[in-house]
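Participant: with the input below, show me the fold.
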Amino acid sequence: MKKIKLSLVLMVFLLSLTSVIAANDAICTVYITGVGCPACAQEDPIILDELLKEEPNFVVVEYEIYKEQENGQMVMEYDSNYNSGFHIPLIIFGKEDFSVGVGPVRRHAREAIEKGSNYCPLPDGSSVAFDGLDLTSLPAKPKIWRGERILIKTEERGNNALLRELLITENLSAALEGINFVIIKSSAIAISGRSIYFDNAIELDGWIFQWNGESIGAITPAEEEEPVQPQEFEQRDGLGFYKVFIIALADTVNPCALAVFILFLIGVMSYDPKRGKKILSIGAAFVTAVYICYFTYGLIIVKFWQVVQALTTVRLALYTILGAVAIVLGVLNLKDFFWYKPGGFAREMPIGWRGKVKKMMLGITSIKGAFVMGAFVTIFLMPCTMGPYLIATGILSTLDLIKVIPWLLVYNLIFILPLYGIVLGVYFGLKKVEDVSGWKERNIRKLHLVVGLIMLFIGVAIIFGWI
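Facilitator: Take a look at the predicted model:
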């Protein structure tokens, strides 16, 4: 009996010794990234998946700053004490020991792993060995990765010794014996370009712990229930059709677009008032050209936003900037409802351009000419229709470019549908061009009111995180 007890004590001692050795040999780093950052999409799978599986002692303290905006402060703090800059992806091993961007991050990580153990660099400029790191004192909302395990901070509390043990122990059941926790359904962990999945998950005091491998079914936990997900899983996940629809709607009723199209119809009908049937094909060619050009502009603007967002300070302020722009546009359009003046900046085509555009419209004589003119006239449309488009593309820029395409197709379809409707109305004789033009002039203030209210709603919704 004494031999059995001695063996159990020895086993516990060896397991504890193994954990201590693993903690002391940890190669600890801080990794700052953002889900949706194109450069991060090339580095995240290597740092947060490949290298963790290759090196069991590699420990990554991750701060994701796009979906978890509270982590944005960490960029400032690390730059203040490490002079690490404001670009991501950023990996930090110590003072004057960091790298940023595609390529240098992964190379630096591999070199650090080859060197061996590394202290964890803290935001205040100090560093501490992993076995002495107080995980519960880490600021903001970090994720701590080791091997095929992850700890996700949800609240400002927790048992530091237990948390560190969960990352390094070979016997999770023993570590959790007598601990209050809840078995939950594991959640996909979003990284740039993909997600990482785990087999098991539990929720315990202030943290979520997920891992691959054997479950802990032998332990009787509290009653199993669905998890209360951490905040990062709730913010701006998915865009939703209604969000794109609302912003596109503001462009759809834009007086500027309607004015340009009416000028086009007047030009076509003035050239040959009797060619009512041909108006369908010519009008469709014109509107299709507008659709194609605006779609192309959208891709270019999205790419611009993505490049700009490589500067984390810009990315952190992006939603605030977009919301402020929307509110300003809303106020300007409401001003036009109460005190209308033709040619308002960013709301209507400047007065000086209208004569030139009308003159060009009078020269349209064919379907090919209508298509070319539709493409060309978008240059005149941009100043007064780009407000909502800039906001929509700014929101879409958090997606990969390939995923942006369907959203831009839908947005621009909504934008040009009223123009196609006007063509069909004139073609079938339901309305004359003069009727459409007169309706627009009589209701110009109401159109500005609608646009203004929509833009104000969008701005407030963006500022408060509703979209």
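
Participant: pull out the buried residues from stretch 96-104.
Facilitator: Neighbour-count burial for stretch 96-104 flags 97, 98, 99, 100, 101 (criterion: 16 or more other CB atoms under 10 Å). Every C-beta, even on glycine, is put in place using the N, C-alpha and C of the backbone.

Participant: can you check stretch 198-207 too?
Facilitator: Here stretch 198-207 shows 198, 200, 201, 202, 203, 204, 207 as buried, counting by 16+ other CB under 10 Å.

Participant: tell me the one among the residues you listed nearest to residue 403.
Facilitator: residue 198 (24.3 Å; CB to CB).

Participant: local confidence estimate at that closest one?
Facilitator: pLDDT, residue 198: 94.

Participant: which residues touch it?
Facilitator: Residues near residue 198 by CB atoms under 8 Å, 6 or more residues apart in numbering: 148, 150, 186, 189, 210, 211, 212.

Participant: checking the third one next. Helix, strand or coil?
Facilitator: Secondary structure state of residue 186, per DSSP: H, G, I helix; E, B strand; the rest coil, is coil.

Participant: that one contacts residue 202, correct?
Facilitator: No - judged on CB atoms under 8 Å, residue 186 makes no contact with residue 202 at a distance of 9.4 Å.

Participant: re earlier: I'd like to know which of the contacts of residue 198 are buried.
Facilitator: Among these, those classed as buried by neighbour count (16+ other CB under 10 Å) are 148, 150, 186, 189, 210, 211.

Participant: least confident pick among those residues?
Facilitator: Out of the buried ones among the contacts of residue 198, that is residue 186, at 89.

Participant: from residue 207, how far out is that residue?
Facilitator: 14 Å (CB to CB, to the nearest Å).

Participant: what ranges do the helices span in the stretch 1-150 of the chain?
Facilitator: Listed from the start of the chain, the stretch 1-150 of the chain has helices (DSSP state H, counting those that start in this stretch) covering 2-24, 38-45, 51-54, 72-82, 104-115.

Participant: returning to that earlier point: dump the contacts of residue 198 to JSON lines, plus distance to residue 302.
Facilitator: Listed next are the contacts of residue 198 as JSON lines, based on distance: CB to CB, whole Å:
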{"residue": "148", "distance to residue 302": "35"}
{"residue": "150", "distance to residue 302": "31"}
{"residue": "186", "distance to residue 302": "33"}
{"residue": "189", "distance to residue 302": "25"}
{"residue": "210", "distance to residue 302": "33"}
{"residue": "211", "distance to residue 302": "37"}
{"residue": "212", "distance to residue 302": "36"}
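
Participant: among the residues you listed, which are located in strands?
Facilitator: 150, 189, 210, 211 (DSSP state E).

Participant: tell me which two in those residues are the farthest apart.
Facilitator: Among the ones in strands among the contacts of residue 198, 189 and 211 lie farthest apart (CB to CB), at 11.7 Å.

Participant: identify the contacts common to these two.
Facilitator: With CB under 8 Å, 6+ apart, residue 189 and residue 211 have common neighbours 150, 198.

Participant: one step back: turn the buried residues of stretch 96-104 into a markdown table, columns for pLDDT and distance to residue 47.
Facilitator: Shown next, in a markdown table, are the buried residues of stretch 96-104 (pLDDT from 0 to 100; distance: CB to CB, whole Å):
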| residue | pLDDT | distance to residue 47 |
| --- | --- | --- |
| 97 | 94 | 16 |
| 98 | 95 | 13 |
| 99 | 94 | 11 |
| 100 | 91 | 13 |
| 101 | 88 | 13 |
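
Participant: now for the residues you listed, which pair is the farthest apart?
Facilitator: Most distant of the buried residues of stretch 96-104, by CB to CB, are 97 and 101, 15.6 Å apart.

Participant: any idea how far residue 127 is from residue 94?
Facilitator: The gap separating residue 94 from residue 127 is 6 Å, by CB to CB.

Participant: now swap in residue 45 and tell me
Facilitator: In terms of CB to CB, residue 45 sits 27 Å off from residue 127.

Participant: and for residue 46?
Facilitator: Counting by CB to CB, the gap from residue 46 to residue 127 is 23 Å.

Participant: one more: residue 62?
Facilitator: Per CB to CB, residue 62 is found 17 Å from residue 127.

Participant: okay, these two: which has more neighbours?
Facilitator: residue 62 (23 against 17; other CB atoms under 10 Å).

Participant: next, the contact list for the nearest residue to that one once chain neighbours are set aside, please.
Facilitator: Of all residues beyond its chain neighbours, the one nearest residue 62 is residue 143 (4.5 Å), with distances taken as CB to CB, 6 or more residues apart in numbering. By CB under 8 Å, 6+ apart, the contact list for residue 143 reads 61, 62, 64, 150, 151, 152, 153, 189.

Participant: partners of residue 143 in the sheet?
Facilitator: residue 62, residue 152 (DSSP bridges).

Participant: distance of it from residue 31?
Facilitator: Counting by CB to CB - residue 143 and residue 31 are separated by 9 Å.

Participant: got it, and residue 389?
Facilitator: 34 Å.

Participant: could you list the low-confidence segments of the stretch 151-300 of the chain?
Facilitator: 217-243, 253-277 (pLDDT under 70).

Participant: now do the helices in it.
Facilitator: 160-168, 172-176, 241-252, 255-271, 278-308.

Participant: tell me the most buried of the ones you listed?
Facilitator: helix 255-271 (a mean of 22; mean count of other CB atoms under 10 Å).

Participant: rewinding a little: out of the ones in strands among the contacts of residue 198, which is nearest to residue 168?
Facilitator: residue 211 (11.7 Å).

Participant: I'd guessed that closest one sits against residue 149; true?
Facilitator: Yes - counting by CB under 8 Å, residue 149 is a contact partner of residue 211 at 4.3 Å.

Participant: which residues do the two both contact?
Facilitator: Residues touching both residue 211 and residue 149 (CB under 8 Å, 6+ apart) are residue 166.

Participant: where does the record place the domain boundaries for this protein?
Facilitator: 2-233, 241-463 (automatic domain parsing).

Participant: so, low pLDDT: which residues of the stretch 351-467 of the chain?
Facilitator: Checking the stretch 351-467 of the chain against pLDDT under 70 turns up 351-365, 380-385, 398, 426-427, 429-444, 447-448, 462-467.

Participant: quick one, strands of it?
Facilitator: Assigned by DSSP state E, counting those that start in this stretch, the strands in the stretch 351-467 of the chain number zero.

Participant: count the residues that sit near residue 188.
Facilitator: 12.

Participant: right, I'll call it a day here.
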